[in-house]
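J.: Attaching a predicted model along with its sequence, questions to come.
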Amino acid sequence: MELFDIVFDLPVLQTFTYRVDSATKGVASVGKRVVAPLGRRELVGYIIAEREHVPAGLDSERVRSIRRVVDAELSFDSRTIALAQWLSAFYFCSLGEALAIMIPSGRRVASTRVFTINDDEISDTALVLSDEQERALQAIIAPQVPLSLAPRSMSLNTAAPSLPPPSMFYLYGITGSGKTEVFLRAAQTMLDAGKSVIYLVPEIALTYQTTEAIGKRFGAVASTFHSGMTVSARFTEWTRIMRGEVRIVVGPRSAVFAPVRDLGLIIIDEEHDGSYKSGSTPRYHARQVAMRRCSAEGARLLMGSATPSLEAWKLMGDKAITRLDLTRRLSGGNLPEIRPVNLTNTTGCLSKELKEEIRTTAQMGRQTILFLNRRGFAYFYHCSACGYELTCKNCSVSLTWHRDRNQALCHYCGHHETPPLACPQCGSLTAGYAGFGTEMIEDEVRRTFPDLRIRRADADSTSVKGSLQETLELFKAHCFDILLGTQMVAKGLNFPGVRLVGVVLADSGLHLPDFRAVERVFSLIVQVAGRSGRYFPDGKVIVQTYRPNDPSITSACSLDVAGFFKAELAQREMLGFPPYTRLIRFTIRGKDEQRANAAISRLASIIAPLLPPSVDMLGPAECPISVIAQNHRRQILIRSKSMSMLHGATRGILAAYECNKDSRVHLEVDVDPVSLL
């Protein structure tokens, strides 16, 4: 009897044994997807092993047959299975869940945004490198130090102890300094040596221009891989990669799993970006997976950003990552003049200083980008008489008013309702919306500058497929004067005509109850400031804020990355937060608040006695956003300097919890969380 072990995309930590019948004999094999019965259902599963005997304790007569084989060719190989086994063990998911997220016919990645690379100075032909670029490239492509001699003390290296850490490089350069060209030269060197390359980019909604340029530079051996593609298109590219027809794969975080042959290099552009962390099971970080793959396959890891993550910055300081600096812009521009402006006495969204610079910029025939990380018209309904606040009935967050449809909308669950004309609690007519979003800014800009051409780019205005690409292309062609938008205009854009960038409210996100909040605000200001003056020496940035003396604001305005990171690292070390420790987050969610409270209390009673002295527990507590989509959320963090200690404790915790869990609440485990909201 021919037998195979199969796993399914289910949170079940076991394999299932099946036999083949006359219809599937000679067709089924390890590395293929099949349809097989499980209970009363028939599900797609993954054949991970062939076996000679029925497992002990299982009656051979009860072994069920595979219904049909899905694949004509292999969908995955032994390397994919090994990586999935590591993913399963490290992120506490089933092997089937790990394979499902890796193979494109599995679960679809949640985001549907179009991606591209930061196109600093990219073209379809190689440019002449500066001295700094040439030195960086030579360091990256130099013969490797034998892996057995490489240092092992790396807090970001999540490979098993038996695997040495990879050779890692970080291209740290100001915006416009030519990082992308170095990435492409390093990729070309690997291709010339017969190796393959994976090039990861953040899932930021931009254009296809960089993808097209890479296609021109590398031809048919290049492939893009992203969640905006149909499942069939993704699987077609996956098959081409498996066959060895593709040797450079470009895509967001899921492209890190691409089954390229002879992997030589993984590039992570904008390494600091939070989109590299998955928000659903398995909650992997593409940077950690890249480290594992490079360790296992003897490849090099090349990261880059103008604002590295604090974890990467510390590793550069510890010499675990080789830092390569790019210090000057190559296209003729200088770093912009950045000026903070206090909003305290300002009426409306735009300060006098910002209005004057917008007018001056327009008179010069140049362009302006206005940035605010908040869509909608206004985002805070408040009654000054009784203090009432209008919040979502499903989530513990304020409803944002979208004036164009006269709806108060929850950006977490989608709930919407018509804003009240008077306070629902006391009837006061003084209640109303405060704060401002992109719609309100657009309204004020149009009233203030009726003669200027304005376009808004946020999730609401670019919901139609292709509309964002059209907006950016028109802006690049100077078809309008002001581009107003959210994060999608903050990074990766390279428009020669832009003189002025206005950060409408730099304080957004500064007070979130998350230890990474200040780092995110700093990074975002520096990144958006980098859109100004890339080709001319007269770039201007106006940073509007209610807290002009906040260290993150002042450091960002002076572009003092090193000074900010030094202060922030000292704060993190004092408080015992990453990168000086590692975290695992347990989140309980359930429709019934009492059950959620009972479950988190029970989990805390399980955790406390299982923790060794080197691991401490924070919580239990409500999540900062305590309700989302009518699910009450509670959390516990465990913290240690040793990830192996955290892993060992977590395995025991989950085993004990599973023995007495409430099926009406759900437990989520997040290793190295990037957000605690």
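T.: Structure's in. What do you need?

J.: So this structure: which segments form each domain?
T.: What automatic domain parsing lists as the domains of the chain is 3-102, 131-324, 337-375+438-572, 378-435, 582-671.

J.: out of those domains, nearest to L677?
T.: domain 582-671 (4.9 Å; Cβ to Cβ). Backbone N, C-alpha and C define where each C-beta goes, glycine included.

J.: chain center to the closest one: distance?
T.: Chain-centre distance of domain 582-671: 23 Å, with Cα atoms, centre = their mean, to the nearest Å.

J.: can you offset everything so residue one is 614?
T.: That works, and once the first residue is 614, the last one we named lands at domain 1195-1284.

J.: circling back: save the domains of the chain as TSV, and put in mean pLDDT too.
T.: Formatted as TSV, the domains of the chain follow (pLDDT from 0 to 100):
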stretch	mean pLDDT
domain 616-715	94
domain 744-937	84
domain 950-988+1051-1185	86
domain 991-1048	75
domain 1195-1284	94
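
J.: Please tabulate these in JSON lines, including the columns distance to L943 and mean neighbour count.
T.: Formatted as JSON lines, the domains of the chain follow (distance: least, Cβ to Cβ, whole Å; neighbours: other Cβ atoms under 10 Å):
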{"stretch": "domain 616-715", "distance to L943": "37", "mean neighbour count": "17"}
{"stretch": "domain 744-937", "distance to L943": "5", "mean neighbour count": "20"}
{"stretch": "domain 950-988+1051-1185", "distance to L943": "10", "mean neighbour count": "19"}
{"stretch": "domain 991-1048", "distance to L943": "39", "mean neighbour count": "17"}
{"stretch": "domain 1195-1284", "distance to L943": "38", "mean neighbour count": "17"}
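
J.: In CSV: the ones you listed, plus distance to L1290.
T.: Compiled in CSV, the domains of the chain are given as follows (distance: least, Cβ to Cβ, whole Å):
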stretch, distance to L1290
domain 616-715, 20
domain 744-937, 11
domain 950-988+1051-1185, 6
domain 991-1048, 10
domain 1195-1284, 5
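
J.: With only the CA atoms kept, save the helix or strand containing F1199 in PDB.
T.: Secondary structure assigned from DSSP states H and E places F1199 in strand 1195-1203. Output of strand 1195-1203 as PDB, limited to C-alpha atoms (Å, rounded to 0.1, in the frame of the first residue of the first chain):
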ATOM      1  CA  ARG A1195      12.500  39.900  22.900                       C
ATOM      2  CA  LEU A1196       8.700  39.700  23.200                       C
ATOM      3  CA  ILE A1197       6.000  37.200  22.700                       C
ATOM      4  CA  ARG A1198       2.400  38.600  22.800                       C
ATOM      5  CA  PHE A1199      -0.600  36.500  23.700                       C
ATOM      6  CA  THR A1200      -3.900  38.100  22.600                       C
ATOM      7  CA  ILE A1201      -7.300  36.700  23.700                       C
ATOM      8  CA  ARG A1202     -10.300  37.800  21.700                       C
ATOM      9  CA  GLY A1203     -14.000  36.900  22.000                       C
END
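
J.: so what's A1234 bridging to?
T.: Per DSSP bridges, the residues bridged to A1234 are Q1248.

J.: Quick check: it touching Q1248?
T.: Yes: in this structure, A1234 is within contact of Q1248 by Cβ atoms under 8 Å, at 6.2 Å.

J.: L983: what's it in contact with?
T.: Taking Cβ atoms under 8 Å, 6 or more residues apart in numbering as the criterion, L983 is in contact with I1054, V1058, I1095, L1096, L1097, G1098, V1114, G1115, V1117.

J.: swap in L1290?
T.: L1125, P1126, D1127, C1236, P1237, I1238.

J.: So which other helices or strands are in contact with the strand holding F1199?
T.: Judged by 3 or more Cβ pairs under 8 Å, 6 or more residues apart in numbering; DSSP states H and E, the packing partners of strand 1195-1203 are helix 1206-1223, strand 1244-1253, helix 1256-1271, strand 1278-1284.

J.: any chance of the ones you listed in a markdown table, with distance to I714 too?
T.: As requested, those are exported to a markdown table (distance: least, Cβ to Cβ, whole Å):
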| stretch | distance to I714 |
| --- | --- |
| helix 1206-1223 | 25 |
| strand 1244-1253 | 22 |
| helix 1256-1271 | 19 |
| strand 1278-1284 | 15 |
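
J.: Can you say which of these is nearest to I861?
T.: strand 1278-1284 (29.6 Å).

J.: strand partners of that closest one, parallel vs antiparallel please.
T.: Strand pairing (DSSP bridges) places strand 1278-1284 next to strand 1195-1203 (antiparallel).
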